[in-house]
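# Based on what follows, work out the 3D shape:
(2 chains)
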Amino acid sequence: MLRIACPHCGDRDYVEFLYGGDAENAMPELSDTDIDRWTEFVFFRNDPKGEHAEYWQHQHGCRQWLRVVRHTVTHQVISVQPASEVDTPAQGKRVEVA
Amino acid sequence: MSTQPRRLKSGGRIDRSKPISFRFDGRSHTGFAGDTLAAALLANGVTLVGRSFKYHRPRGIYSAGVEEPNALVTMRTGARHEPNVPATKVELYEGLEAFSQNSWPSPKYDVMSFVNRFPKLFAAGFYYKTFVGPTRGSWMFYEKFIRRAAGMGKPTTEADPDHYEKAHAFCDLLVVGAGPSGLAAAITAGRSGLRVILVEDDTVLGGSLLAAGRDPKLADWLKSALAELETLPSVRVMTRTCAFGAYDNMTFALLERVSDHLVTPAPFQPRQRMWRVRAERAILATGMIERPIVFANNDLPGVMLASAARTYVNRHAVAVGRKVVVFTNNDTAYAAACDLNASGAEVSIVDVRSRIPAALQAQVAAAGITLHLGCAVGRANGGRHVRSVDVVPFDPARPERASVRTRLSCDLLAVSGGWTPTLHLLGQRGSKPVYDEDKAMLVAGTVPEGFEIVGGAAANCDLGFCIDSGAKAAHAAAAACGKPHAVSGRSLLEGLPDQGDAYGIAPVWMVPDPLGKGHGKKFVDLQHDVGADDIELAHREGYVSVEHLKRYTTLGMAADQGKTSNLNALGIMAGIRGKKINEVGTTTFRPPFRPISIGALTGPETGLHFRPIRRSPMHDWHEAKGAAITTTGLWLRAWYFPKPGESKADAYVREAAAVRKSVGLTDVASLGKIDIQGPDAAEFLNRVYVNGFLTLPVGKARYGVMLRPDGIVMDDGTTSRISEHHYFMTTTTAGAGKVMSHLEFLLQTAWPDLRVHVTSVTSQWAGMAVAGPRSRELLEKVITDIDLSEEGLPFMGVRQGHAGDIPVRVLRISFSGERAYEVYTPAGYGMQLWQTLCDQGKSCDMTVYGVEALGALRIEKGHVAGGELEGRTTLTDMGLGKMASTKKPFIGGALAQREGMTDPLRPQLVGLELAEGTGTLRAGAILCDPAKRYARTIAKDTSALIDCPPNPASKDFDAGNGSGHMGHGIGFVSSVTWSPELNRNIALGYVSGGMARKGEQIDAVFALKGELTKVRVTSPHFVDPEGPSWAFGCPSIA
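The predicted structure is shown next:
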C-alpha cells in the first residue's frame, strides 16, 4: 500500500491518487507530427528494476499532478514533486531519473 | 447433556462459574467461559470431529491454535453458516452451533470412507494425469462426483445478514502478538510515550504464558505486566484481532472479530472490522508454531502437537489423555510431558536422541515418566482413535526401516518435531526465511527497514531472551521515532523463574515405515491429505523445485497455508535429493495469514453503498413524479416518466413523439461541466480539440471532439465562449472525470506555461434541455431579458440572462435535430427553474422526457454517445473525419495518422435496420458477412467443436449458437431503439467499410441468445439527414 507525501496536502494513501503512467518521457511538441516520436512517448516504456519516475494525480485532494520517483522493487517513494515544477526536459528526450 | 468427563477437577484459565452450553452435530454439550470449541469438545470426550479432504479419514483436533490443519468445522446455520473454521480458533459462546465437515451421515460412520482404501486414486497430479489428452472430456462427466466426494465445508448461498466495517489507525509502533516478548515491547514503548497498537489474535493477552505450567512466578509476571499495560495511556490493546497482512510503506491489515463470539452481533455492531494501520515501526512478536513428525498413521485422532496437549491441560484443564506417549526430538516437549503427568496421566517419552541433558533425565525420573531414548514412533495404531503406537529403534543421523518394534498402548500421542518461527508477515514483505542448521528452524533472513523480530519469532525459546528482546526492540523503535527512552520502570526481567535455552533438537522429518506387514499413510499436509509418498512421487516425476512440488501435490495450499507442513516437506524433499534445505528453497508467504471473510474485505461497500451516488438537483422531483430511474456512471437519471398503466416502451415513445411534435423538457444536469479561464484558454482549447477554437466568438458555442494521445476518440461536447477569457465546456456524463484529469495533466505536465485554469463545475450547475418546435415559445414565457428571436439567439448562440430572479445561461444547441436549447442555472436554482418551466409548459403542450427518449431521439439523428464512444473508435470511424483541422496540431493528431488507424476497412459508423422486418436488434450483436459463413457441427461423443466448410444445406446448421459465424465478424451493433418517428426498429453500429456497404444485407449474430438477425446497412442519419449535422457549428462540415 503506497503512501505518497503530497507536497500540498501531506502524507496520503495511494487510493486518493490516480496513476498517470511513466513520467520519464516528455511529450513531443504538439507541432511535431513524427509518428515514431509520438509512438515512443505514448507506448514505449522502460521497465526498470529500481527507481522509476511516474505521474500520480492527487485526485481526491489538491488535484495536482505529481512526479513521483518510486523504487519498483521495494515500492519506496523516493521523491515527490509537483509536475508543473519539474524542469521540463528537452522535448522528446528521455528524462534522467534523479 | 454430557458432563465434561475429561475436565480436570481444578486448574486452568477457565471460569467454572460460567458454564456454556453449545451443540456439535446436533448434540448438546457444556463447556466453560475461557474455552475454545476445540477445548470444550475435548472436555466432553469428542475427539473425532470430521473427515479428511481427499481420503475421508477420521480426523481429530491436532493443535490448539491458528495452525490447526484438521479440526475444521462449519459454524452456525442459515445465512450465517460459515464453513472451514478451525475449532481451535472458535471462542465458546452460549448457544454456539457447529457441525463436522466432509462426512455423511456422521464423522463416525462416513459412507465415503471407502476412498481411504484406494489412495492411488488421488495421488499427486491426479487431475493433470487423469483429465488430459483423450480423456479430457470425461472431466465434464466426473467433475460433480469428485467435487462432492473431495472437499471441505459447503458455503451458504444466502446473503450475509451481518455488517462489516473498515477502520483506519495510525501509530508509532505496531506490536503483533501479546506473548511475553510482545508485552515487554508494548510496555517498554508505552513507557516512552510511543503511540502503540498491540494486536493479539487470542481473546486474552499472554501468548505462550497462558499455556505454561503451574509455576506461580509466570502467572505473577503476566498479572503485573497486564496491570502496567492498563496504566499506559498511549498503548491501544486490540484482542480478537489478527494482523493478517503486511504491505508497502508500513501499512498493515488487521481483522478484528467484533462479534464472532456472540450468536448474532449486537444491534448496530459489525460482525468484523477490518483495520488499515499505518505504523512508523513494527515489532513482530508472533512466536513459533510447533511442527509434527511424519510417521505412519500420524493423522489418527488422538495424535496432537505436544504444545497443544500442554495448552489443553494447563489453560483449559482438559485431561486430553490418560495414557500418553510423548514423541519428541527436542527438549521442549518434556515440559508438556511433565504437565500431563502432573495432571494424572501415565506418561512415556519416546525421544529420537540417545542422550539428553542430565537435568531433564533426572526431572522425568523423579516424575515417574518412562523414557525411551534413541527410539521413534514408527506407526500409530487404531481405528477412529489412537490405541497404541509402535516404537522402533531410531538414529536421526541414519533413518532406516526398523524390524524390531515395541507396542505401547496409549490414548494420546503428543508429538514435537521442533518449532518454526512465525514469519509470515515478514515473508509477505518479500523477506524469505533461511534455514538455520543448528536450530533446525526457518529463521528470519533480511529484516526489512522498520521491522524488528523478537521472542520466539527470533528463533529463541528462552523466556528471558524473549522479554529482553521485546524491550530492546521497543527501545530501538522509540529512538527511531525520536522518543529516546526517558522513563525507566522496573526491569521486566524481574521475578522470572530460571530457565535455560532448552531446545537441543535433533532434526527429524519423517520416520520410515517399520519392516513387515501393515503400513499406514504418512501425512505431511494433513489438511490437503498430502503424504510423504506424494512428495516422493513428485520427485520421481521431476517436480523437484519447491514451487513445483507445492503446485503438483497441492502441499501447503490448503486454508492453513501449510503452517504445520511446509518445513517437513522441505526436509523430506531435501533428503530425497541429498541436498541441504537452503538449496531446495522455501515457498513464498502471501496475505492473508489466516482466512479472511470476503465480507470483511468488502466492508460496508455493498448494495447502494458499493459506489457513490450522484443525483441532479431535480432528482427528487423525478422520483415524486414516479420516474423510472437508471444509472449513467455514478449518476441516477430519470429513465422515463410512465403515466398510469404505461410500459417503458409506451412512455418513451410518447415522450419522444412529444419532442418532435411540440416541446419536451429533460434533465441534463449530469453532463460534465468544466469552467476554463485565462488569457491562453483559446489556445488551450485549440490544442485539445480536433477542430479549431481560436475563432470562436464570444456568445457562441461550438461542438468539439477530443482525442486521446494515441489518436482514439476520448470524449465530445460543446464549449461556449462566455467572455474573452472565459469558456464553459460540457462533456459526456460518463467521461467528465476522465476529461478533467486529462486537461489538468496537459496543463501541469506538458504546457505549464499556458495561463489557463480549469475547474470542475459539474455539481455547481443544473442543466436542462428544452427541445422541440415550441421550445422557443416556452422559453420566451420564462426568460425575460434575452432576445430569443432567430437573430437574437441564432443556432449555436449563447446568452446569459434571467428567468425572473433566476440567473440562466442559455445555449441554442440540439442533441436531437429539433430546435432546442440547453439552459443552465446555478445548482441551487435548478429545482426552481425546472418548476417554472413545468408550470409555463402546460400552455405549450410540454412533456417531460427521460434518457430513454433522449437516446431514441439521438439514435434517430445518428448522434454518437456512450455506445459509440467506446474507446476503440477514431474520428473517421465515427464519420467525423472531416472535423479534424488540417491547419493546426492537436492532441492525438499525430498518432491518428498511423497505418492501422487510417485503414479504410476499419469498422465505421452506419445505421442498421431489419432487412426482413422481423427479428431482434440488440446492442452488442456481432455483425458478420453472410458470404463467410461456416457450418458448425457438434460432435456427438465429445464437446469438441468441428469447423466444416460452408454448407448452409447441412442439417447441423442452425441459427442458434451454431449460426455458422465464427470470430470477430466485420463489426458490431452499438445502440438500438424503436424509432417513434419512423415507427420501426433502428440501430447504430460499426461495420467494416462503413457507408460503402449502404444497402447491403448482413447478419447480426447475438450468440448469448442464439439469435441470427438479417439487417440492412443504411445512413446513420435516420431523421432530418439534411439538417444541421452532428458536427453542427463546425463550419467546415455544414
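# Tell me the residues of chain B that contact chain A?
Selection of chain B residues close to chain A by Cβ under 8 Å from any Cβ of the partner chain yields B:247-249, B:251, B:276, B:278, B:687, B:709-710, B:741, B:744-745, B:747-750, B:752, B:889-891, B:893-895, B:897-898. C-betas here are computed from N, CA, C, even on glycine.
# ok, 7 Å please
Contacts of chain B with chain A, taken as Cβ under 7 Å from any Cβ of the partner chain, map to B:247-249, B:251, B:278, B:687, B:709-710, B:741, B:744-745, B:748-750, B:752, B:889, B:894-895, B:897-898.
# Just those residues: which are in helices?
Secondary structure from DSSP state H places B:R687, B:S741, B:E744, B:F745 of those in helices.
# possible to save those residues as CSV with pLDDT and neighbour count?
CSV is the format used below for these (pLDDT from 0 to 100; neighbours: other Cβ atoms under 10 Å in any protein chain shown):
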residue, pLDDT, neighbour count
B:R687, 97, 20
B:S741, 97, 17
B:E744, 97, 23
B:F745, 96, 19
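# one step back: quick one, which of the residues of chain B next to chain A are buried?
B:247-249, B:251, B:278, B:687, B:709-710, B:741, B:744-745, B:748-750, B:752, B:894-895 (16 or more other Cβ atoms under 10 Å in any protein chain shown).
# Verify the stated contact: B:G206 with B:W221.
No: judged on Cβ atoms under 7 Å, B:G206 makes no contact with B:W221 at a distance of 9.8 Å.
# Could you pick out which of the buried ones among the residues of chain B next to chain A are located in strands?
Those of those mapping onto strands are B:Y247, B:T251, B:R278, per DSSP state E.
# Count the neighbours of A:V86 for me.
Counted with other Cβ atoms under 10 Å in any protein chain shown, residues neighbouring A:V86 total 18.
# The helix or strand containing A:F41 and chain B, any residue contact?
Taking DSSP states H and E as the definition, A:F41 sits inside helix A:35-43. Yes: using Cβ under 7 Å from any Cβ, we find that helix A:35-43 touches chain B at A:I35, A:W38, A:T39, A:V42.
# With stretch A:52-70 instead?
Yes: counting by Cβ under 7 Å from any Cβ, chain B is contacted by stretch A:52-70 at A:Y55, A:Q57, A:Q59, A:R63, A:Q64, A:W65.
# And B:T587, how far from B:L555?
Look at B:T587 and B:L555: by Cβ to Cβ, to the nearest Å, they are 9 Å apart.
# which one of these two has more residues nearby?
Between B:T587 and B:L555, counted using other Cβ under 10 Å, the more crowded position is B:L555 (29 against 20).
# wait, that one sits on B:L567?
No: counting by Cβ under 7 Å, B:L555 stays clear of B:L567, with 11.5 Å between them.
# Could you tell me the end-to-end distance of stretch B:4-12?
Stretch B:4-12 has an end-to-end distance of 14 Å (criterion: Cα to Cα, to the nearest Å).
# can you tell me the average pLDDT over it?
The pLDDT scores in stretch B:4-12 average 94.
# And it, what's buried?
Using 16+ other Cβ under 10 Å as the test for burial, stretch B:4-12 gives B:Q4, B:R6, B:R7, B:L8, B:G12.
# between those, which is closest to B:A444?
B:G12 (33.9 Å; Cβ to Cβ).
# Please name the spatially closest residue to residue 57 (chain neighbours excluded).
Using chain A here. Computed as Cβ to Cβ, 6 or more residues apart in numbering or on different chains, the closest residue to A:Q57 that is not its neighbour in sequence is A:L18, at 4.4 Å.
# meant chain B, my bad for not saying
Nearest non-adjacent residue to B:R57 (Cβ to Cβ, 6+ apart): B:N116, at 5.5 Å.
# Could you pull up the residues touching the residue lying closest to A:N25 once chain neighbours are set aside?
Using Cβ to Cβ, 6+ apart and skipping residues adjacent in sequence, the residue nearest A:N25 is A:F41, 5.0 Å away. Counting by Cβ atoms under 7 Å, 6 or more residues apart in numbering or on different chains, A:F41 makes contact with A:N25, A:M27, A:P28.
# repeat that for 10 Å
By Cβ atoms under 10 Å, 6 or more residues apart in numbering or on different chains, A:F41 lies in contact with A:D22, A:N25, A:A26, A:M27, A:P28, A:D32, A:Q91, A:G92, B:P709, B:D710, B:A894, B:L895.
# Next one: B:I505 from B:D525, what distance?
22 Å.
# So the two - more neighbours on which side?
Counted by other Cβ under 10 Å, B:I505 and B:D525 do not tie: B:D525 has more neighbours, with 26 against 21.
# Can you read off the pLDDT for that one?
B:D525 is assigned a predicted lDDT (pLDDT) of 95.
# That one touches B:T553, doesn't it?
Yes: counting by Cβ atoms under 10 Å, B:T553 is a contact partner of B:D525 at 7.8 Å.
# Overlap of the contact sets of those two?
Common contact partners of B:D525 and B:T553 (Cβ under 10 Å, 6+ apart): B:G531, B:D534, B:I535, B:A569.
# Could you tell me which of these belong to helices?
Per DSSP H, the shared contacts of B:D525 and B:T553 map to helices at B:D534, B:I535, B:A569.
# I'd like to know how many residues surround the second one.
B:I535 sits with 29 neighbouring residues when counted by other Cβ under 10 Å.
# For it, give me its contacts.
Contacts of B:I535 by Cβ under 10 Å, 6+ apart are B:124, B:294, B:510, B:522, B:524-525, B:543-544, B:549, B:552-553, B:555, B:568-570, B:572-573, B:575-576.
# Show the buried residues in the residues you listed.
Here, 16+ other Cβ under 10 Å leaves B:124, B:294, B:510, B:522, B:524-525, B:543-544, B:549, B:552-553, B:555, B:568-570, B:572-573, B:576 buried among those.
# Flag the shaky bits of the stretch 451-600 of chain B, pLDDT-wise.
Low-confidence segments of the stretch 451-600 of chain B, defined by pLDDT under 70: B:485-488, B:499-501, B:517-518.
# With chain A instead?
A:87-98.
# 80 instead, please
Applying pLDDT under 80 to chain A flags residues A:1, A:87-98.
# List the contacts of the closest residue to B:S662 other than its chain neighbours.
Distance criterion Cβ to Cβ, 6+ apart; nearest residue to B:S662, sequence neighbours excluded, is B:D845 at 4.1 Å. Contacts for B:D845 (Cβ under 10 Å, 6+ apart) come out as B:A658, B:K661, B:S662, B:V663, B:G664, B:G772, B:R774, B:E777, B:L778.
# Counting neighbours, what do you get for the residue lying closest to the fifth one once chain neighbours are set aside?
Leaving out its chain neighbours, the residue that sits closest to B:G664 by Cβ to Cβ, 6+ apart is B:Y849, at 4.5 Å. When neighbours are counted by other Cβ under 10 Å, B:Y849 registers 29.
# Noted, bye for now.
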